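J.: missing the sequence, but the structure's below:
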């Protein structure tokens, strides 16, 4: 592995140019694949949305300093 900063930055620029040149359809497929990977990694860490008909109240805002 190299730690040549100029080489790393040029590599990043080349990758960005390569990705920017791809057709929009391919970019959208890549985005879908990234979303699927995120869901697989995240798993059940995010709670499901509340069920219809359930009560949901926003948290109460408390003042830090009395006015």
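T.: Received, thanks. Just so you know, these numbers come straight off a predicted model, no measurement behind them.

J.: where along the protein do the helices fall?
T.: Along the chain, the stretches classed as helices by DSSP state H are 5-20, 24-42.

J.: okay if I get these as CSV plus mean pLDDT, mean neighbour count and distance to residue 63?
T.: C-betas here are computed from N, CA, C, even on glycine. Supplementary listing: the helices of the chain in CSV, determined by pLDDT from 0 to 100; neighbours: other Cβ atoms under 10 Å; distance: least, Cβ to Cβ, whole Å:
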stretch, mean pLDDT, mean neighbour count, distance to residue 63
helix 5-20, 95, 10, 46
helix 24-42, 90, 10, 35
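
J.: will you turn these into TSV that also has distance to residue 53?
T.: Compiled in TSV, those are given as follows (distance: least, Cβ to Cβ, whole Å):
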stretch	distance to residue 53
helix 5-20	45
helix 24-42	26
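
J.: List just the one of the ones you listed that sits closest to residue 55.
T.: Of all these, it is helix 24-42 that lies closest to residue 55, at 26.7 Å by Cβ to Cβ.

J.: closest to residue 52 out of the helices of the chain?
T.: Using Cβ to Cβ, the helices of the chain put helix 24-42 closest to residue 52, at 22.6 Å.

J.: The closest one to helix 5-20, inter-axis angle?
T.: Counting by axes from the mean of the first three to the mean of the last three Cα atoms, to 10 degrees, helix 24-42 lies at 110 degrees to helix 5-20.

J.: Read off the pLDDT value for residue 65.
T.: What the model reports for residue 65 is a pLDDT of 63.

J.: nope, residue 48 is what I was after
T.: 65.

J.: and stretch 51-59, average pLDDT?
T.: 73.

J.: start at 752 instead
T.: Shifting the count to begin at 752 puts that one at stretch 802-810.

J.: So what would you say the end-to-end distance of that stretch is?
T.: 18 Å (Cα to Cα, to the nearest Å).

J.: Distance from it to the middle of the chain?
T.: How far stretch 802-810 lies from its chain's middle: 26 Å, per Cα atoms, centre = their mean, to the nearest Å.

J.: tell me which residues of that stretch are tucked away?
T.: When burial is assessed from 16 or more other Cβ atoms under 10 Å, stretch 802-810 yields no buried residues.

J.: Thank you kindly, that will do.
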